[in-house]
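*Asks:* Any chance you could fold what I've pasted below:
(one chain, ligands or ions: 1)
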Amino acid sequence: MIDEKLKEKLKAANIKYTEGIKQVMKSLSMFDNPVDITQIQNKIEKKIHLATVYRIFEKLEKAMIINRLQFNEQKSLYELNKAPHDHFICNNCNRVIDIFIDKNELRSAESSIGKRYKVKIQTSSINFIGKCKKC
Ligand SMILES: [Zn+2]
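*Replies:* Numbering: from 1, shown residues only. Model prediction:
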């Protein structure tokens with residue numbers, strides 16, 4: 001995420017752009033898939049106390065700058081709030097991979113489900129469970 005956009009979002013949410021937030025966002029942007037808080041802390045150059053990292057994450061989650069994901073009894077994973085997507089979860093090693101479903105496919109599925117159940121679907125989220133290529 002570019003700094004200016006992030007700063008605007010923080011300002012709108014009344015959050016100060018601190019060095020800690022800068023470091024956390026920089027570290028988070030190095031990952032393609034959702035990661036846990038320890039993985040993020042390890043990537044931060046200047047060491048920040050884990051409690052501080054947690055506090056920063058809470059703030060960023062409330063401001064909807066990042067998403068917190070929770071699958072089964074696993075620890076929480078975090079990702080930047082980017083384009084809508086779903087997740088694949090490996091039921092052997094717990095790896096989580098971002099899944100981008102073709103928009104037309106998704107829309108036609110939502111429209112037929114909407115008709116069948118007489119509901120108006122505004123958003124959806126699907127978890128795909130299985131084995132990743134390493135398992
Ligand atoms: Zn796996």
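*Asks:* Select the longest helix from the chain.
*Replies:* Assignment by DSSP state H gives helix 103-117 as the longest helix of the chain.
*Asks:* now it, how far from the chain's geometric center?
*Replies:* The chain centre lies 24 Å from the centre of helix 103-117; the measure is CA atoms, centre = their mean, to the nearest Å.
*Asks:* likewise stretch 126-135?
*Replies:* 17 Å.
*Asks:* Is there proximity between that stretch and the ion?
*Replies:* Yes - Stretch 126-135 comes into contact with the ion (CB under 5 Å from the ion), by way of 132, 135. For glycine as for every other residue, the C-beta is placed from the backbone atoms N, C-alpha and C.
*Asks:* What lies in contact with that stretch?
*Replies:* The contact list for stretch 126-135 (CB atoms under 8 Å, 6 or more residues apart in numbering) reads 71, 86-93, 95, 97, 99, 101.
*Asks:* who touches the residue nearest the centre of the chain in this structure?
*Replies:* Most central in the chain under CA atoms, centre = their mean is E79, positioned 2.8 Å from the mean C-alpha point. By CB under 8 Å, 6+ apart, the contact set of E79 is 28, 31, 33-35, 66-67, 69, 98.
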